[in-house]
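A.B. asks: A predicted structure for the sequence below; I have some questions about it.
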Amino acid sequence: MKLSENEERVYEVLGELGISYTRHEHPPVFTVEEAEKHWTQIAGAHCKNLFLRNKKGKRHYLVILEASKTADLKSLNKLLGEDRLSFASEQRLMRYLGLETGAVSAFGLINDKENHVKVVIDEDLKKAEAVNFHPNVNTATAGISFPDFERFLAWCGNTVRYLPFK
């Protein structure tokens with residue numbers, strides 16, 4: 001099967017960093033609910049990824065949390081000292097992370113060369129043996145160990161902050 005350029009780039013970066021991964025193909029999924037049907041054989045934490053912007057559109061956030069949790073945007077506003085967070089548009093998602101709707105992923109940080117996007121991570125994910133994300137397409141899931149995920153984030157160079165989510 002021919003991989004998309006976006007997905008191939010993820011595996012190239014992981015290879016350059018010496019990070020091993022597991023890859024699982026599945027039909028296209030656009031929500032956590034759709035993806036859950038395909039996760040039964042995939043070990044590790046399954047992540048929900050939200051791409052947000054502040055009221056003026058000057059700051060952007062990639063919020064990564066365990067799939068069963070919810071992000072209370074009002075609480076997140078306070079924790080981050082923001083005025084009002086909302087979901088960023090498809091155009092912003094493409095501009096900053098090079099991704100399409102349904103494929104939002106931590107691996108999109110590869111495309112944020114100027115580190116515009118701030119990363120907010122559910123602190124409970126630190127306990128996960130592995131974390132799973134779309135490899136910048138919504139037709140597969142790629143899993144890496146949490147320590148390798150932190151190495152990947154360090155390579156990307158974006159600001160990272162861990163916060164509690166319920």
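C.D. replies: Sure, I can see it. Residues are numbered from 1 along each chain as shown.
A.B. asks: Flag the shaky bits of this structure, pLDDT-wise.
C.D. replies: 1, 27, 29-40 (pLDDT under 70).
A.B. asks: Run through the helices of it in chain order.
C.D. replies: 5-16, 32-36, 73-80, 90-97, 146-156 (DSSP state H).
A.B. asks: Return the distance of the fourth one from the chain's centre.
C.D. replies: This points to helix 90-97. Computed by C-alpha atoms, centre = their mean, to the nearest Å, the chain-centroid distance of helix 90-97 equals 14 Å.
A.B. asks: likewise the third one?
C.D. replies: Relative to the mean C-alpha coordinate of its chain, helix 73-80 is positioned 19 Å out (C-alpha atoms, centre = their mean).
A.B. asks: how about it: buried residues?
C.D. replies: Leu76, Asn77, Leu80 (16 or more other C-beta atoms under 10 Å). Any C-beta I mention is one placed from the backbone N, CA and C, and that applies to glycine too.
A.B. asks: mind giving me TSV with those and columns for distance to Glu123?
C.D. replies: Converted to TSV, the buried residues of helix 73-80 look like this (distance: C-beta to C-beta, whole Å):
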residue	distance to Glu123
Leu76	13
Asn77	18
Leu80	14
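A.B. asks: Next, count neighbours for the spatially closest residue to Asp83 that is not a sequence neighbour.
C.D. replies: Among residues not flanking Asp83 along the chain, Lys55 sits closest, at 4.4 Å (C-beta to C-beta, 6 or more residues apart in numbering). By the criterion of other C-beta atoms under 10 Å, Lys55 has 12 neighbours.
A.B. asks: and Lys55, what is it in contact with?
C.D. replies: By C-beta atoms under 8 Å, 6 or more residues apart in numbering, the contact list for Lys55 reads Glu82, Asp83, Arg84, Leu85, Ser86.
A.B. asks: Narrow the residues you listed to just the buried residues.
C.D. replies: Among the contacts of Lys55, those classed as buried by 16+ other C-beta under 10 Å are Glu82, Leu85.
A.B. asks: Of the contacts of Lys55, just say which sits nearest to Tyr21.
C.D. replies: Leu85 (30.5 Å; C-beta to C-beta).
A.B. asks: my guess is that closest one contacts Asn54, does it?
C.D. replies: Yes: judged on C-beta atoms under 8 Å, Leu85 makes contact with Asn54 at a distance of 6.1 Å.
A.B. asks: which residues are in contact with both of those two?
C.D. replies: Tyr61.
A.B. asks: ranges for the strands of the protein?
C.D. replies: 22-25, 45-53, 60-66, 86-87, 117-122, 130-133, 140-145, 160-163 (DSSP state E).
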